[in-house]
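1. this one's structure only:
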């Protein structure tokens, strides 16, 4: 009997409305984080391959221009620990910042919603030339209530520094967003 009651409660929660705040005039504040293992091979093998790991924290703030469409600013704080063809490991910190757009596809009342978006970020780094990153991303949002949601984000990044190098990467992030009423 307990299993039936729990199943009923879970199904009720999935079909109930969350009255999410993804409507015109509201704010979204939050961010996401990720950890990845990286391996980079250069096209002409002039530079030894690099491998290591990366941690990323991405805080951001957005404003809903119309229902389900938000525009905002975000920053990526990167921590890279890698080996570049030498016996010792290097550590680098960097900052990317820029605008993003995000659109929610399902009705605002859904407790689970699907979003997609795009971002442009400028890369500031003390060891390298400035660069630009272009991203597309999508994923589900799980609303705990009308103001707080967890999300899973998958995306592709296209990183273009000055010169001939181009890096593309796939990433998966987890995040938390807070939706503020006007």
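-> Everything's here; your move. Being a predicted model, the structure only gives us computed values, none of them experimental.

2. How about residue 106, nearest residue that isn't a chain neighbour?
-> Closest residue in space to residue 106, ignoring its immediate chain neighbours: residue 113 at 4.6 Å, by C-beta to C-beta, 6 or more residues apart in numbering. To be clear about C-beta, it is placed using only N, CA and C from the backbone, and glycine gets the same treatment.

3. With residue 158 instead?
-> Here the residue nearest residue 158, using C-beta to C-beta, 6+ apart, is residue 134, at 4.6 Å.

4. Then residue 65?
-> In space, and not counting its chain neighbours, residue 65 is closest to residue 71: 5.6 Å by C-beta to C-beta, 6+ apart.

5. ditto for residue 62
-> Going by C-beta to C-beta, 6+ apart, residue 62 has residue 72 as its nearest residue, at 2.8 Å.

6. Give the pairing partners of the one helix or strand that neighbour maps to; include direction for each.
-> Using DSSP states H and E, residue 72 sits in strand 69-84. With DSSP bridges as the test, strand 69-84 is paired with strand 50-66 (antiparallel), strand 89-104 (antiparallel).

7. can you redo those strands as CSV with distance to residue 27?
-> Listed next are the strands paired with strand 69-84 as CSV, based on distance: least, C-beta to C-beta, whole Å:
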stretch, distance to residue 27
strand 50-66, 6
strand 89-104, 13
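
8. which residues does residue 115 contact?
-> Residues in contact with residue 115 (C-beta atoms under 8 Å, 6 or more residues apart in numbering) are 102, 103, 104, 105, 138, 139, 140, 141, 151.

9. Need the per-residue pLDDT for it.
-> With respect to pLDDT, residue 115 scores 97.

10. do you know how far it is from residue 151?
-> 8 Å (C-beta to C-beta, to the nearest Å).

11. what's the answer for residue 176, then?
-> Shown here: residue 176 relative to residue 151, a distance of 8 Å by C-beta to C-beta.

12. Name the residues contacting each of those two.
-> residue 32.

13. Those two: which has the busier surroundings?
-> residue 151 (18 against 14; other C-beta atoms under 10 Å).

14. my guess is the more buried one meets residue 139, correct?
-> Yes - counting by C-beta atoms under 8 Å, residue 139 is a contact partner of residue 151 at 5.8 Å.
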